[in-house]
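> Need the 3D shape of this:
(one chain, ligands or ions: 1)
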Amino acid sequence: MSTVFFDIDTQIDFMLPAGALYVPGAEKVLPAVARLNRYAAERKIPLVSTVDAHLENDAEFEAWPPHCVAGTLGQRKPETTMVGQIVLNKRSVDCFTVPELPGLLEQLGAERCVVYGVVTEICVKHAIFGLLKSGRHVELVTDAVKSLDEAAAARMISEFTAAGGKLTNAGAVCAW
Ligand SMILES: [Zn+2]
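Numbering: from 1, shown residues only. Model (predicted):
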């Protein structure tokens with residue numbers, strides 16, 4: 001089964017305490033994200049990296065403080081996670097609003113999708129449910145995600161497994 005890794009929105013504004021929309025504790029999952037990305041690079045597993053790339057007045061800023069404005073430092077990813085990757089810029093929480101994504105998944109022959117990043121119950125949720133809906137095998141790396149609302153994340157994870165999604169961890173993913 002051909003595998004594709006998905007690193008969801010692990011950008012400085014979300015991952016580091018000085019970021020514009022810091023997800024508390026997110027820096028603790030950075031080593032796992034970096035390990036997964038390096039593993040993908042070593043094994044030549046395609047790595048799709050979604051990133052928020054907002055305009056200064058994007059609609060999302062009515063609900064959230066401004067973050068990840070294209071061209072700012074906070075919009076970048078931490079250096080440790082940077083390996084060869086296919087960057088998918090987006091302007092909303094749902095990566096499937098990017099018109100190129102379905103074609104990219106076809107082109108990569110994505111069958112097994114390994115997903116991690118932030119925020120578990122927001123952008124990661126849209127990615128894993130969108131991938132499941134497309135009929136693919138989807139694994140969520142539970143020690144490489146971070147939530148803002150733990151109860152909401154737990155509910156989302158039960159819905160995900162009930163819908164056929166699988167849970168894994170970085171050690172298991174990097175062991176095969
Ligand atoms: Zn955003």
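
> any idea how far the residue located most distally from the centre of the chain is from A32?
In the chain, the residue that sits farthest from the middle, by C-alpha atoms, centre = their mean, is N57; the gap is 23.4 Å. Going from N57 to A32 by C-beta to C-beta, to the nearest Å gives 34 Å. C-beta: built from backbone N, CA, C; applies to glycine.

> ok, now G19?
18 Å.

> what's the answer for V48, then?
V48 is 17 Å from A32, by C-beta to C-beta.

> do I86 as well
In terms of C-beta to C-beta, I86 sits 20 Å off from A32.

> Name the residues of this protein found near the ion, please.
By C-beta under 5 Å from the ion, the part of the chain that sits against the ion consists of D52, E60.

> and the residue of the chain nearest the ion?
D52 (3.9 Å; C-beta to the ion).

> Report how many residues lie close to the closest residue to that residue other than its chain neighbours.
Excluding its sequence neighbours, the residue lying closest to D52 (C-beta to C-beta, 6 or more residues apart in numbering) is C68, at 3.6 Å. The local packing of C68 (other C-beta atoms under 10 Å) involves 26 other residues.
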